[in-house]
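*Asks:* quick one, fold the following:
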Amino acid sequence: MMAMLAILALEAGAVKAQKPAHPSIASPPAPRPTAIGPRLSLSLADAVFIGLRDNRTVKSAYIDRISQKFDLFVAEARFRPTAVLTASSEATWQGPAGGTATTLTPTASWLIPTGAQFQFAWSRLDSRSGGVDVGTNTATLSVTQPLLKGAGLATNMAPVKVARLQEKIDHLALKSTVSSTVTGIVTAYRALLQAQQQLVIAQDSLDRARTQLQSNQALIDAGRMAAADLVQTQADIANQQVALLAAEQQRNSAQLGLLRLLAMDLHTNVVAADPVATVHVAIDLDRAIAIALDNRMDLLSQRMTLEQDRQNLIVARNNRLWSLSVVGSLQHQTQQGGGSLVLNPVTGLPVPGVNAPLVGLPANSGSVGVELSIPLGDFSLRQQEIQAGATLHSQEIQLADLGQQIEAEVRDAVQGVELSWRQVEAARQARDLAARTLELERERQQAGRASNFEVLSFETDLRAADTQALAASIAYLNALTTLDEQLGTTLDTWKVSLND
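*Replies:* Numbers count the residues shown, from 1 in each chain. Okay, here's the model as predicted:
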């Protein structure tokens, strides 16, 4: 690969050294700038609003909530009656005789929180054979009440409780996604703001360098400076131009990063309109830790996951019990049509006037009993209980670890905010001293007591101090945003309410 790149570089150099064979063919145009659209000034609040409205990650999270809410609906329909309608029709024949049978069977079932299962079935059978129509109606009601396995409110309500907890976890996941998106937009906005200010700093440095060049030229004309010293200033101007181009590229990259989060046209010339304003915020560490333990989405989700595992353990323990149930059923059957059938021995058809219709009397029946089922040699039920218990204990450990982790993160974030503010104060002081030093050095140069090299060195120090002060201010603002996210209060800070 390196050899290929070297060959391509040599070929490019050779082509560049040659004279064009066709002078009329123009060189390819320069690439179009990224921001060619209209200028759009945005405040940070506007950027957050647009991002919450158009960000694709947020839209996808809301789409997922549609299926998640329906999952809860299905789980809560566990104790609602259900019905199935079954119908069939068939034709039969045997020798010269044939017939048809049509069956309609609606069935309904209902599970109640105690574990009792009610089932009702009604069937209608219409048959025709040898010219005789017979209709049979059968209604059956059965009840099964478990006494051990599958019995009790705790066991039967466990799936519903798990689903409700999962709904809360999914809501917290949406909240976390929106919060992370807001944090990302805020950080990207400040990155653009920093890049814009860095571009201003680079432009100011270039302007000062050009002013210094004019001043040096006046000193040379007055015979108070050697002409050779002018080269240093010209070199500094070239360096400032390079820094200006780098700052412009950084600004373009920051624009693209923000536009992507806002799901806007990448050609939009977006401009961060807010100033870089930093104000010290006093933070109570103990109160911050308490707020985080009450609001962090990951901690709340972990607590709900732990409760889900407790419900799963209840079900796993119940599944190991014997199946002992009280069962009962009632059946009601009626029949219409039919009668004594006399066939012609020659034709095999019913004899007219001989077959009288008959209406059957209702038949009622019922039963009550006990069913017992004892599993033998099945270790999978014990395995499920052990797995559920191990999962529960593991989640308890993870909850304790997560609580400690959150406390450590909040402590670190609070310390980061305080140290960032101290850096802001120190950077501001350093910037003011650097500006004052450069001013004094220029006065000394005018008096012939300082060299051009010393002035250029202090100019470089001022540019570095400006950059350092800007970076410190942005870092402090981002530290506050990070602390807000660590506390789980980002949406409260921005007054965002979820449309969920």
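*Asks:* in stretch 53-73, which residues are buried?
*Replies:* When neighbours are counted by 16 or more other CB atoms under 10 Å, the buried residues of stretch 53-73 are found to be 55, 58, 61, 65, 68, 72. Heads up, the C-betas are built off the backbone N, CA and C, glycines and all.
*Asks:* got a list of contacts for the strand or helix carrying Gly328?
*Replies:* Using DSSP states H and E, Gly328 falls within strand 323-337. Strand 323-337 is contacted by residues 132-150, 357-374 when judged by CB atoms under 8 Å, 6 or more residues apart in numbering.
*Asks:* what is whichever helix or strand comes after it packed up against?
*Replies:* Downstream of strand 323-337, the first helix or strand assigned by DSSP H and E is strand 363-373. Packed against strand 363-373 by the contact rule (3 or more CB pairs under 8 Å, 6 or more residues apart in numbering; DSSP states H and E) you find strand 323-337.
*Asks:* one more time with 10 Å, if that's ok
*Replies:* With contacts taken as 3 or more CB pairs under 10 Å, 6 or more residues apart in numbering; DSSP states H and E, strand 363-373 sits against strand 132-146, strand 323-337.
*Asks:* got the ones you listed as CSV, with mean neighbour count, distance to Ile169 and mean pLDDT columns?
*Replies:* Listed next are those as CSV, based on neighbours: other CB atoms under 10 Å; distance: least, CB to CB, whole Å; pLDDT from 0 to 100:
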stretch, mean neighbour count, distance to Ile169, mean pLDDT
strand 132-146, 17, 30, 87
strand 323-337, 16, 32, 87
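*Asks:* of all those strands, which lies closest to Gln241?
*Replies:* Closest approach to Gln241 among the helices and strands packed on strand 363-373 (CB to CB): strand 132-146, 84.5 Å.
*Asks:* what's the angle from the following helix or strand past the closest one to strand 132-146?
*Replies:* Counting by DSSP H and E, the element after strand 132-146 in chain order, helix or strand, is helix 153-221. Interaxial angle, helix 153-221 versus strand 132-146 (axes from the mean of the first three to the mean of the last three CA atoms, to 10 degrees): 70 degrees.
*Asks:* I'd like to know which elements helix 153-221 is packed against.
*Replies:* helix 44-54, helix 56-76, helix 230-262, strand 269-272, helix 297-319, helix 380-446, helix 452-487, helix 490-493.
*Asks:* how far does it sit from the chain's center?
*Replies:* 18 Å (CA atoms, centre = their mean, to the nearest Å).
*Asks:* now do it and helix 44-54, the angle between them.
*Replies:* Using the same axes, to 10 degrees: helix 153-221 against helix 44-54 is 140 degrees.
*Asks:* tell me which helix or strand of this structure sits lowest on mean pLDDT?
*Replies:* In the chain, no helix or strand scores lower on mean pLDDT, DSSP states H and E than helix 2-17, which sits at a mean of 37.
*Asks:* give the buried residues for the helix or strand following that one.
*Replies:* Next along the chain after helix 2-17, taking DSSP H and E as the criterion, comes strand 39-42. The neighbour-count check on strand 39-42 (16+ other CB under 10 Å) flags Leu42 as buried.
*Asks:* what does stretch 41-50 give?
*Replies:* For stretch 41-50, using 16+ other CB under 10 Å, the buried residues are 42, 44, 47-50.
*Asks:* who's in contact with it?
*Replies:* Outside stretch 41-50, the residues that touch it by CB atoms under 10 Å, 6 or more residues apart in numbering are 40, 55, 181-183, 185-186, 188-190, 192-193, 258, 261-264, 268-274, 477, 494-496.
*Asks:* next up, the contacts around the residue minimising distance to the centre of the chain.
*Replies:* What sits nearest the mean C-alpha location of the chain, by CA atoms, centre = their mean, is Thr177, with 4.2 Å. Counting by CB under 10 Å, 6+ apart, Thr177 makes contact with 55, 57-58, 60-62, 64, 297.
*Asks:* which one of these sits closest to Arg210?
*Replies:* Asn55 (43.2 Å).
*Asks:* wait, doesn't the closest one sit right on Ala188?
*Replies:* No. Using CB atoms under 10 Å, Asn55 makes no contact with Ala188, being 11.2 Å away.
*Asks:* okay, and the common contacts of these two?
*Replies:* What both Asn55 and Ala188 touch, as defined by CB under 10 Å, 6+ apart, is the set 260-262.
*Asks:* let me know the closest of those to Leu487.
*Replies:* Once CB to CB is applied, the member of the shared contacts of Asn55 and Ala188 that ends up nearest Leu487 is Leu261, at 22.2 Å.
*Asks:* pLDDT value on the closest one, please?
*Replies:* Reported pLDDT at Leu261 in the predicted model: 94.
*Asks:* how about it, what does it touch?
*Replies:* Counted by CB under 10 Å, 6+ apart, Leu261 has contacts 47, 50-51, 54-57, 181, 184-189.
*Asks:* just the closest of those to Ala430, please.
*Replies:* So of the contacts of Leu261, ranked by how close each gets to Ala430 (CB to CB), first place is Thr187, at 25.1 Å.
*Asks:* what is the burial count for the residue nearest to the closest one when sequence neighbours are not counted?
*Replies:* Leaving aside its sequence neighbours, Thr187 sits nearest to Asn478 (CB to CB, 6 or more residues apart in numbering; 6.1 Å). By other CB atoms under 10 Å, 19 other residues sit near Asn478.
*Asks:* do Tyr476 as well
*Replies:* 26.
*Asks:* and for Val231?
*Replies:* 10.
*Asks:* residue contacts, it?
*Replies:* Asn452 are the contacts of Val231 under CB under 10 Å, 6+ apart.
*Asks:* confidence score at it?
*Replies:* In this model, Val231 carries a pLDDT of 82.
*Asks:* cool, and Ala447?
*Replies:* pLDDT, Ala447: 74.
*Asks:* so what's it up against?
*Replies:* Arg224.
*Asks:* run through the stretch 351-500 of the chain and note the low-pLDDT ranges.
*Replies:* Within the stretch 351-500 of the chain, the segments meeting pLDDT under 70 span 351-361.
*Asks:* can you do 80?
*Replies:* 351-362, 442, 445-456, 500 (pLDDT under 80).
*Asks:* just to revisit the earlier point, pull the strand holding Gly328 out as CSV, backbone CA atoms only.
*Replies:* Extracted C-alpha coordinates of strand 323-337, given in CSV (Å, rounded to 0.1, in the frame of the first residue of the first chain):
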residue,chain,number,x,y,z
SER,A,323,-51.1,-29.8,40.2
LEU,A,324,-54.2,-30.3,42.4
SER,A,325,-57.4,-28.9,41.1
VAL,A,326,-61.1,-29.0,41.7
VAL,A,327,-63.0,-29.6,38.5
GLY,A,328,-66.7,-29.4,37.7
SER,A,329,-68.8,-29.4,34.6
LEU,A,330,-72.4,-29.1,33.5
GLN,A,331,-73.8,-30.2,30.1
HIS,A,332,-77.2,-29.6,28.5
GLN,A,333,-78.1,-31.3,25.2
THR,A,334,-81.2,-31.2,23.0
GLN,A,335,-82.1,-33.0,19.7
GLN,A,336,-84.6,-32.2,17.0
GLY,A,337,-85.7,-34.1,14.0
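*Asks:* ok, that strand: who's next to it in the sheet?
*Replies:* Counting by DSSP bridges, the strands paired with strand 323-337 are strand 132-146 (antiparallel), strand 363-373 (antiparallel).
*Asks:* quick one: the longest one to chain centroid distance?
*Replies:* Okay, so that is strand 132-146. Its chain's C-alpha centre and that of strand 132-146 lie 52 Å apart, by CA atoms, centre = their mean.
*Asks:* so can I have CSV of the helices and strands packed on strand 363-373 showing distance to Ala388?
*Replies:* Converted to CSV, the helices and strands packed on strand 363-373 look like this (distance: least, CB to CB, whole Å):
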stretch, distance to Ala388
strand 132-146, 20
strand 323-337, 19
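*Asks:* which one of these lies nearest to Gln415?
*Replies:* strand 132-146 (57.8 Å).
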